[in-house]
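Trainee: model the following, please.
(2 chains)
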2 protein chains.
Amino acid sequence: MAVTTRTVPEICAAAQRAARELATASTEAKDAALEATAKLLEGRSAEILEANAADLADERAAGLTSALKDRLTLSEERIAAMADGVRTVAALEDPIGEELERKTLASGLELRKVRVPLGVVAVVYEARPNVTIDCAALTIKSGNAIVLRGSSYAERSNGALAAIVQEALAEAGLPEDAALLVAGGGREELAELATQDGTVDLLIPRGGEGLKSALKDVATVPVIYAAAGNCHVYVHADADLEMARRIAYNAKVQRPGVCNAAETLLVHAAVASEFLPAALADLHAAGVELVGDRQAREAAAGVEVGEATVADWGTEYLDLKMVVGVVSSLEEAVEHVNSHGTSHSEAIVTSSEDAAARFAAGVDAAVVYTNASTRFTDGFEFGMGAEIGNSTQKLHARGPIGLRELTTYKYVVRGDGQVRE
Amino acid sequence: MAVTTRTVPEICAAAQRAARELATASTEAKDAALEATAKLLEGRSAEILEANAADLADERAAGLTSALKDRLTLSEERIAAMADGVRTVAALEDPIGEELERKTLASGLELRKVRVPLGVVAVVYEARPNVTIDCAALTIKSGNAIVLRGSSYAERSNGALAAIVQEALAEAGLPEDAALLVAGGGREELAELATQDGTVDLLIPRGGEGLKSALKDVATVPVIYAAAGNCHVYVHADADLEMARRIAYNAKVQRPGVCNAAETLLVHAAVASEFLPAALADLHAAGVELVGDRQAREAAAGVEVGEATVADWGTEYLDLKMVVGVVSSLEEAVEHVNSHGTSHSEAIVTSSEDAAARFAAGVDAAVVYTNASTRFTDGFEFGMGAEIGNSTQKLHARGPIGLRELTTYKYVVRGDGQVRE
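Mentor: As a prediction, the model looks like this:
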C-alpha cells in the first residue's frame, strides 16, 4: 500500500490505467475479487478492529460528537455486514457489455450501443469506514476504478479496509490500483481531487451540506450531488385515512435523519378535520414537533401545532419535526410540492387511480409514490442491491445510484468500407 | 411576442410553467404543433426572408466574415429544408412515457421507471437562424420547453422563426411559452441564463471555444459541452489498404471543418511503406497539408510531409491539415488515441475480427468504427432523426444528442399502504 506516497494527480492517473484494464475484465474475475474481499474482511477482522481502535483513540476523534463516533466505530457485526454487502453486490448482474441497442443504419453500418464503465469514480465521504468497502464493491462490479477520500480521523480504518480490497483485486488477477485511497483529509486534497479533469470521470460526495458547498465552489470534474430531501406526504380527499396515518407516521418517524424521510404533511381540506386530530396526536406522541398553517392548526383539535414560518415549507429538518398544511385541491398540492420540494421522493395517499396518475405526472421528482411511505427510496429496496448515493438531479442518474448508474455507453459501429457522401 | 420585455429569470420561469404543461401533452398535440410549424414556415417565407434581409443589412452584420454571413443568410431552399427537418422530427417516435423498467419489489411495491422530459432546455447558439427551428422541434417532440439565445446580429431572423413556433404551439393548444427567445446577445444575458438553477434543467452551447470557455467560468446549471473532435483513423497491419485509403481520405477531406472529421492518421509499421505513398499522395492532391513523425515522413516516398510538433497530435485542425504517425502495434495505436484523442469518434481499418474487438474495447470514445469513416457520427446518420449537438462527455449522453438524450426518468411506485420496517 503505497497510497501515502503518491500525489493526488498520480493516484488518479494510476486509477485511470487500472480502470482501462478493469473495463474489459470478465465478470468472473470481478466476482472473484469481491468474494476475496468478503473472505479477507472475515479473516482479518481483528486487524481491522485494531486499526479502528487506534482511530477512535486518536486525538482527532476526541472532538467528535457521539453520533459521529458511533458512525466511526466498527465491530465484528459491522464487519460481517460489510462482507455480506460485498457478496450481495457480487451476486448482482454485471451491467457491463449489455447491448442497449442494435440496428443497421441507412448507410449499411451495423451500430451497437453497448454499456461500458465510466472509468474513474471518486468518492468523498465522512466518518463511516464501511463506505470504503460498499463503494469499492459497486465500482469493481461495474468495471470502474475508485479513488476514495475519507475523513482524516478514519484514516487507519479506511487504510486497513482499502488494503484488503487491493489484496483481493491482486488475488483475482486484477489491478490493485483499481481501488486507491487519498491520504490526508484536508480541503486542499479535496480541491485537487475535484479538478482532475481527464482522469476523474465522476465525483460523488457523501456527506453534509458543508462538503457539498465546498465542492460546488471548486469542482471542475463531473459531480453528482446527493441533494437534500424535502419530501412530502399528501393525503387526498378520498384517502384511506387509517392508511394515510400509518404512512405519514412512518415517513416522518421511522428514521427522521435520512433524506427520504418526510418533512411536510399536506392534507386536502375536505378531510383535514377528520384526519389531522388522530394523525397529529400520533406524531406528537412520538415526540414530533409540529408546526402548521392556520387551517391545519384549527383542524388539529387540541394537538399542539405551532405557527409555521415561510422557511418551514422549504426546510429539510432531518429531525423529529414536521410542517403541516391544508390544500384545497390536488393541483394545489402538486404546485406546493414542485415549489418547495427538492425532487427527491413524494407520496400521495388516495383511493383513486385518476388522482394517483395526476399526482405522478404533475410532481417533478425522482420517485413518486402512491399509497406508500417515502422511506422506500433506496438502492436495496429498489432491488438494485446497493447504492453509492441518491441523486436528485435530472441528468444521467435520478434516484438511487447503483451499478447501472455507474456506467455510460459507447457506440460500436462496424462497416465494410463505408464513407460519407 | 412579448419576448423583449421579460427578464431572463422571468423567461425561464415562464418556460418552466410551460414545460410542466408540455410534459403531459399528447403525442398528437406535439406533432400537430410541429406540422403547424412546418406549414407556417412555408407560408411565411417572405416575412422570414424580410427579417433576414434586415439582419444582413444591419451594421452588426457588417463586420462578419463571409463564412458567418453565409451561415446567417436564409433562402427559400433553406426555409424549405427547415420545414422538412421539422416534419422528420414529427415522424419520430415520441420518447415520453416509455416504460424503461417495471418490477415488483420485495416490499410488494409496484415500481415503474418511466421516461419523462428534462423540463427546460436552454440552447445558446451563433449565427445560423435554422438552429432556432431545429432545436425547438426536438424539444417540443421530447416534451421540453426551450429557451433560445442566439446571436444579436441574427435577432430579427430568430425572432421571426421563434414567433412561428409560438403561433404553431398555440394552434395546437400547447403553451406558447414552450419556446422563448432571450433578447440581447451580450455576455451578461449569457451569464444570467447559465445561472438559472431550479428553472433551467440543461444548457447546450452550440458554438466555438470562446462560447464554451465563457460558459465554463460562470455556469451553475447543468451543461453538456459539445467538445472538440480530435479523431483518428488507424490502419492496422492486415487492413484492406485500398479501403483504408478511401476511409482516410473521406474522414479528412469530405468536410474538414466539422468535429467528426479525422485529424490524425495512424498506420501500423508493417504496412506504412506500402500504404502511405498512395494515401498521402491522394490527400496532398486534395490540398491537405501533411505533417508526420520520422517514420511516416520516410515512408511517404516523395510526398511532402512536414515535421510534426508535439502539439500537432493534440490539435483539432478543422481544416485541410493532417498529422500522420507510424505505430508498431494495435496497443500503441489505442494508447495514442486515448492519450491524444477527445473521446469523439475513432476508426480502425482491419480485416480481423479480433483486432476490431480489441480496438473497440480499448479505445475510450463515444463512437468506435471498424472499416468506416469517422464522418458518420451524426444524429441523422444514426437514425435519430436529428441532433441538438454531439456529446463527448460520459455522463447522461454520449455521442449525438437526439430526442431520448433530452429526457430523464422518474420512478412511479404504487403501493397499498406499505411502510418501511
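Trainee: okay, CA-based contacts and neighbour counts for the rest of this
Mentor: Will do.
Trainee: please parse chain A into its domains.
Mentor: Using automatic domain parsing, the domain parsing of chain A gives A:3-224+A:401-413, A:231-376.
Trainee: mean pLDDT lowest for which of those?
Mentor: Sorting the domains of chain A by mean pLDDT places domain A:3-224+A:401-413 lowest, at a mean of 93.
Trainee: for A:Leu403, what are its contacts?
Mentor: By C-alpha atoms under 8 Å, 6 or more residues apart in numbering or on different chains, the residues touching A:Leu403 are A:95, A:138-139, A:141-142, A:384, A:387.
Trainee: show me the helices in the stretch 301-421 of chain A, by range?
Mentor: In the stretch 301-421 of chain A, the segments counted as helices under DSSP state H, counting those that start in this stretch are A:330-340, A:353-362.
Trainee: what's the closest of these to B:Ala13?
Mentor: helix A:330-340 (11.5 Å; C-alpha to C-alpha).
Trainee: for the closest one, give me every contacting residue.
Mentor: Under C-alpha under 8 Å, 6+ apart, the answer for helix A:330-340 is A:230, A:232, A:234, A:236, A:266, A:268, A:313-314, A:327, A:346, A:355, A:359, A:362-364.
Trainee: report the buried residues of that helix.
Mentor: Under the neighbour-count criterion of 16 or more other C-alpha atoms under 10 Å in any protein chain shown, helix A:330-340 has A:330, A:333-334, A:336-338, A:340 buried.
Trainee: closest to B:Arg78 out of these?
Mentor: When the buried residues of helix A:330-340 are compared against B:Arg78 (criterion: C-alpha to C-alpha), the nearest one is A:Asn338, at 41.1 Å.
Trainee: ok, now how distant is A:Ala137 from chain B?
Mentor: 21 Å (C-alpha to the nearest C-alpha, to the nearest Å).
Trainee: now that residue: which helix or strand?
Mentor: A:Ala137 belongs to helix A:130-141 when assigned by DSSP states H and E.
Trainee: give the other helices and strands that that helix contacts.
Mentor: For helix A:130-141, the packing partners by 3 or more C-alpha pairs under 8 Å, 6 or more residues apart in numbering or on different chains; DSSP states H and E come out as helix A:27-43, helix A:76-91, strand A:120-125, strand A:145-149, helix A:155-171.
Trainee: turn those into TSV, columns for distance to chain B and mean neighbour count.
Mentor: Converted to TSV, the helices and strands packed on helix A:130-141 look like this (distance: least, C-alpha to the nearest C-alpha, whole Å; neighbours: other C-alpha atoms under 10 Å in any protein chain shown):
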stretch	distance to chain B	mean neighbour count
helix A:27-43	15	22
helix A:76-91	15	19
strand A:120-125	11	26
strand A:145-149	14	29
helix A:155-171	20	23
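Trainee: save the ones you listed as JSON lines, and put in distance to B:Thr407 too.
Mentor: JSON lines is the format used below for those (distance: least, C-alpha to C-alpha, whole Å):
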{"stretch": "helix A:27-43", "distance to B:Thr407": "31"}
{"stretch": "helix A:76-91", "distance to B:Thr407": "29"}
{"stretch": "strand A:120-125", "distance to B:Thr407": "24"}
{"stretch": "strand A:145-149", "distance to B:Thr407": "28"}
{"stretch": "helix A:155-171", "distance to B:Thr407": "37"}
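Trainee: which one of these lies closest to B:Thr350?
Mentor: Of these, nearest to B:Thr350 by C-alpha to C-alpha is helix A:27-43, at 28.0 Å.
Trainee: what's the first helix or strand after the closest one?
Mentor: helix A:45-57.
Trainee: can you pull the contacts of the closest residue to A:Met384 other than its chain neighbours?
Mentor: The shortest distance from A:Met384 to any non-neighbouring residue, by C-alpha to C-alpha, 6 or more residues apart in numbering or on different chains, is to A:Gly402 (6.0 Å). With contacts defined as C-alpha under 8 Å, 6+ apart, A:Gly402 is in contact with A:138, A:379, A:384-389.
Trainee: please identify which of those residues is nearest to chain B.
Mentor: A:Met384 (10.2 Å; C-alpha to the nearest C-alpha).
Trainee: what is the orientation angle of the helix holding A:Ala137 with helix A:76-91?
Mentor: 10 degrees (axes from the mean of the first three to the mean of the last three C-alpha atoms, to 10 degrees).
Trainee: now helix A:130-141 - C-alpha only, PDB.
Mentor: Included here for helix A:130-141 are C-alpha records, laid out as PDB according to Å, rounded to 0.1, in the frame of the first residue of the first chain:
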ATOM      1  CA  ASN A 130     -17.900   0.900   5.700                       C
ATOM      2  CA  VAL A 131     -18.300   3.300   2.800                       C
ATOM      3  CA  THR A 132     -14.800   2.300   1.700                       C
ATOM      4  CA  ILE A 133     -16.000  -1.300   1.200                       C
ATOM      5  CA  ASP A 134     -19.600  -0.600   0.000                       C
ATOM      6  CA  CYS A 135     -18.400   1.800  -2.700                       C
ATOM      7  CA  ALA A 136     -15.400  -0.200  -3.800                       C
ATOM      8  CA  ALA A 137     -17.700  -3.300  -4.300                       C
ATOM      9  CA  LEU A 138     -20.000  -1.300  -6.600                       C
ATOM     10  CA  THR A 139     -17.200   0.200  -8.600                       C
ATOM     11  CA  ILE A 140     -15.400  -3.100  -9.100                       C
ATOM     12  CA  LYS A 141     -18.500  -4.900 -10.200                       C
END
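Trainee: between that helix and strand A:120-125, how many degrees?
Mentor: 170 degrees.
Trainee: and helix A:130-141, how far out from the chain's middle?
Mentor: How far helix A:130-141 lies from its chain's middle: 13 Å, per C-alpha atoms, centre = their mean, to the nearest Å.
Trainee: not counting its own residues, what contacts it?
Mentor: Contacts for helix A:130-141 (C-alpha under 8 Å, 6+ apart): A:22, A:27, A:30-31, A:34, A:79, A:82, A:85-86, A:89-90, A:94, A:121, A:123, A:125, A:145-146, A:148, A:150, A:158, A:161-162, A:165, A:178-179, A:386-388, A:402-403, A:406.
Trainee: pop out the phi and psi values for the residue of the stretch 301-421 of chain A found nearest chain B.
Mentor: Using C-alpha to the nearest C-alpha, the closest approach of the stretch 301-421 of chain A to chain B is made by A:His396 at 3.7 Å. Here is the backbone geometry of A:His396 (degrees, to the nearest 10): phi 70, psi -70.
Trainee: residues contacting it?
Mentor: When contacts are taken as C-alpha under 8 Å, 6+ apart, A:His396 is in contact with A:405, B:395-397, B:408.
Trainee: make TSV from those and add distance to A:Asp416 to it.
Mentor: Below are the contacts of A:His396 laid out as TSV (distance: C-alpha to C-alpha, whole Å):
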residue	distance to A:Asp416
A:Glu405	34
B:Leu395	31
B:His396	30
B:Ala397	27
B:Thr408	35
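Trainee: out of those, who's nearest B:Val419?
Mentor: A:Glu405 (26.1 Å).
Trainee: what sits against that closest one?
Mentor: A:396-397.
Trainee: what about 7 Å?
Mentor: Contact analysis of A:Glu405 by C-alpha atoms under 7 Å, 6 or more residues apart in numbering or on different chains lists A:Ala397.
Trainee: ditto for A:Asp293
Mentor: A:307-308, A:324-325.
Trainee: check A:Thr315 too.
Mentor: A:Asn230.
Trainee: 8 Å - rerun?
Mentor: A:230, A:263.
Trainee: what comes into contact with the helix or strand hosting A:Leu111?
Mentor: Assigned by DSSP H and E, A:Leu111 falls within strand A:110-117. Defining contact as C-alpha under 8 Å, 6+ apart, one finds that strand A:110-117 is touched by A:23, A:95-105, A:142-144, A:406-415, B:382.
Trainee: no further queries at this time; thank you.
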